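The sequence isn't on hand, but the structure is:
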């Protein structure tokens, strides 16, 4: 690896009204390295990236890009791209209805002499590009035909083709499953070997240790330090991120209620939804945490949504506390004491333009009905109680929820459901995109809720997190519930079950 | 510093721009009056003539009633469905036509006594307007048609159905009690009272029920609202029905003013004024958060502009041009781009101040 610096950021400071988001942060990226940018939610990772890519203009500090005399001050992402800085976000910012090749060249299409788009050259170059990167993709297909992972790689390909020296990957893996992540990593390594400097932002520690060469840690807008990967073992990384040693995660393993003493809370028989989830049976007892595991798209979320009525069940029967029920709409499920935290926080969770208070009381209000407005005083009390209880970091209860960081938004939605005091709570990826400290808090909360006698349906892509919290795991594969795991659950056994290697 | 902070606080309020626009229009009036040698507050003078109040302010409040009533429903629709109900002008005309048709008896074009009791006509007018709202609401919420397209149907058909009901003529109902809605109650024009009542009722509903929270949640994020237990479709449907009802009330007022169902002209282009009122009130036409008071002030601002232009001696044919210029100004001031510019300037200034403070 050549030790040549492609990017230096010095003393980057950024303030938002009332908040010092970055305070004199330095960041150095060398040629041909994968550099992890780590920190808890709100540490300033995103802000730093946005200063670099021109989304924000930093208040002070200098950015130097290799090969340019003057300090670079990007005013737009376009300008950043011209300076060789490209970004690929968690949400793919391409046009799903255009073909792959059009997406690769949109805005910089090769033109013929007559001034029209030269589709032949475009096709050739696109195919060449895919070949170089080792992707088997038909570039003439519409983008939406490809999985999110491939779309992300296409976005990366686009960035690479624009001769970027610096590639920023902002949480690219949070919606990918393991095999997709592996593909992405091999692409990243290939690019590294070609001399691209890659900034990798992620919450997954394992992934950092798998591909990265170097780690920069931020905390509360301050630089904690820059370390070669080998010099920073995992525990120290977590300590650096949190600024303290955390109690060992493994110690929260529940006092599981293995005996069948508790009464069944929810029992589903033959519930299904066409094209989404094949008929399944599932029983959930009081005080039990059931995990749903399987690859992304295996029907985990769909199963939960069918129980909750977010997607109406088309066959089968559902019993709540031994009484047969019909759920046509989420509110019906709520009246039966259910709650669901959906996996897509942005699309189905928060109501971004409402305040923290309104977002928290929304569930209770829905239960009370439109004619029965919760008095303002009670709204404030409830909001304050949960802000305190879940330690939601917000300037005030009247702050718009969209102004909070992702983890705190998640807590707001959790608060919404806790406020309705449900008997049965579905938590679909509650810890996705959340820093490690909050993750632990949420896991502890799940176990505490189970201890209070509530039934929890927990979905997560991280198997060790499930093993830590769940009493029982239901395994899904290709839209079908294929079995359950109980008792001595190990990572290996679960993996086998998911992959279909073991009959469960 | 204290004054500056106070100014910032005032300009930061959502109601600042609608009210400021209104004040601006009044200022123009005062300047005009002064330059013409009239009394300074000619604009605000209210006098008593023939036992009723008279003056430009009263005139604006009176003439602006219909748009104000429409703006109530329009605000809810815009918020919940992120699109406008462009059928309201047409529905006004239909409601008026229905009412007059019943009161006169089908086929009669000029009557001096009711064929059915007055209340039957009024209720029927409101009912058909609600029905129109329900139709729009069904198309938008259950069939997922864009609001603009869905309401386009009644935009063109509503007026025509009204005309059919009136046997393609103007139906006159020359009964004094029919003129009450558009006439006078004690010293005040009745439309002012009706508009005030409508605004009052809606504000009470918003204050004492969760309707506002429901509509805003649905407007901001339909899917999230559904998961949180709101029946999003039913909310959007309700918003359209309310909008229909408002159009019905406005239509009856407009009909009563001219004691006839002139279906070709009642409520003509009024949907545009209603949408504009919502926008002037600082409400986003993209749905979500709303403020009813803003829309109401917006509605009267539009009327104030119109009345001012007439007072300045601009003919009614040319008035729209000037109105457009004023609207462009107001909308530009409120646009996100301009707001962002001023915000950026404020931030830059604060930073400079910070730096200087540090140097000291």
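That came through, no problem. Everything numeric here is computed off the predicted structure, so don't read it as measured data.

show me the contacts for the residue in the stretch 201-350 of chain B that chain A sits nearest to.
Distances between the stretch 201-350 of chain B and chain A by C-beta to the nearest C-beta are smallest at residue B:229, namely 3.1 Å. Every C-beta, even on glycine, is put in place using the N, C-alpha and C of the backbone. Taking C-beta atoms under 8 Å, 6 or more residues apart in numbering or on different chains, we find residue B:229 in contact with A:330, A:331, A:334, A:362, A:363, A:366, A:367.

how about a cut-off of 6 Å?
The contact partners of residue B:229, taken as C-beta atoms under 6 Å, 6 or more residues apart in numbering or on different chains, are A:330, A:331, A:334, A:366.

Then residue B:33?
Residue B:33 makes contact with residue B:42, according to C-beta under 6 Å, 6+ apart.

Try it again at 10 Å.
Residue B:33 makes contact with B:39, B:40, B:41, B:42, B:43, B:44, B:45, B:56, B:311, according to C-beta atoms under 10 Å, 6 or more residues apart in numbering or on different chains.

For it, report the pLDDT, please.
Predicted confidence (pLDDT) at residue B:33: the value is 81.

Please, which helix or strand holds it?
helix B:16-35 (DSSP states H and E).

what do you get for residue B:4?
Using DSSP H and E, residue B:4 maps to helix B:2-12.

cool, and residue A:278?
strand A:277-285.

ok, then the element right after that strand?
Next in sequence after strand A:277-285, counting helices and strands by DSSP H and E, comes strand A:289-293.

ok, that following strand near chain B or not?
No. Strand A:289-293 is not in contact with chain B by C-beta under 10 Å from any C-beta of the partner chain; minimum separation 17.5 Å.

Partner strands of that strand, with direction?
strand A:455-459 (parallel), strand A:472-477 (parallel) (DSSP bridges).

number of nearby residues for residue B:225?
By other C-beta atoms under 10 Å in any protein chain shown, 27 other residues sit near residue B:225.

host element of the spatially closest residue to it that is not a sequence neighbour?
Counting by C-beta to C-beta, 6 or more residues apart in numbering or on different chains, the nearest residue to residue B:225 once its immediate chain neighbours are dropped is residue B:217, at 4.2 Å. Using DSSP H and E, the element containing residue B:217 is helix B:211-220.

Let me know the distance separating residue A:295 from chain B.
Distance, residue A:295 to chain B, using C-beta to the nearest C-beta, to the nearest Å: 24 Å.

what's the neighbour count on that residue?
Residue A:295 is flanked by 17 other residues according to other C-beta under 10 Å.

Show the model's pLDDT score for it.
73.

Check the gap between the nearest residue in space to residue A:134 that is not next to it in sequence and residue A:90 for me.
Excluding the flanking residues, the one nearest residue A:134 by C-beta to C-beta, 6+ apart is residue A:190, at 6.9 Å. When C-beta to C-beta, to the nearest Å is the yardstick, residue A:190 and residue A:90 sit 21 Å from each other.

Show me which of those two is the more surrounded one.
residue A:90 (18 against 14).

How about the contacts made by the more buried one?
Applying C-beta under 10 Å, 6+ apart to residue A:90 gives the contacts A:148, A:152, A:169-176, A:201-202, A:433.

mind listing what the residue lying closest to residue A:491 once chain neighbours are set aside touches?
The shortest distance from residue A:491 to any non-neighbouring residue, by C-beta to C-beta, 6+ apart, is to residue A:463 (5.5 Å). With contact set as C-beta under 10 Å, 6+ apart, residue A:463 has these partners: A:178, A:291, A:293, A:473, A:489, A:490, A:491, A:492, A:493, A:494, A:495, A:498.

Looking at the residues you listed, spot the one nearest chain B.
For the contacts of residue A:463, the nearest to chain B is residue A:291 (20.9 Å; C-beta to the nearest C-beta).

ok, the closest one - contacts?
Contact partners of residue A:291, counting by C-beta under 10 Å, 6+ apart, are A:300, A:456-460, A:463, A:465-475, A:484-485, A:489, A:494.

Are any of those residues buried, and if so which?
A:300, A:456-460, A:463, A:465-475, A:484-485, A:489, A:494 (16 or more other C-beta atoms under 10 Å in any protein chain shown).

Please, which helix or strand holds the residue nearest to residue A:134?
Element membership for residue A:190 (DSSP H and E) is helix A:178-193.

how close does the residue nearest to residue A:491 sit to residue A:423?
Distance from residue A:463 to residue A:423, by C-beta to C-beta: 27 Å.

wait, is residue A:227 part of a strand?
Yes. Counting by DSSP: H, G, I helix; E, B strand; the rest coil, residue A:227 is found in a strand.
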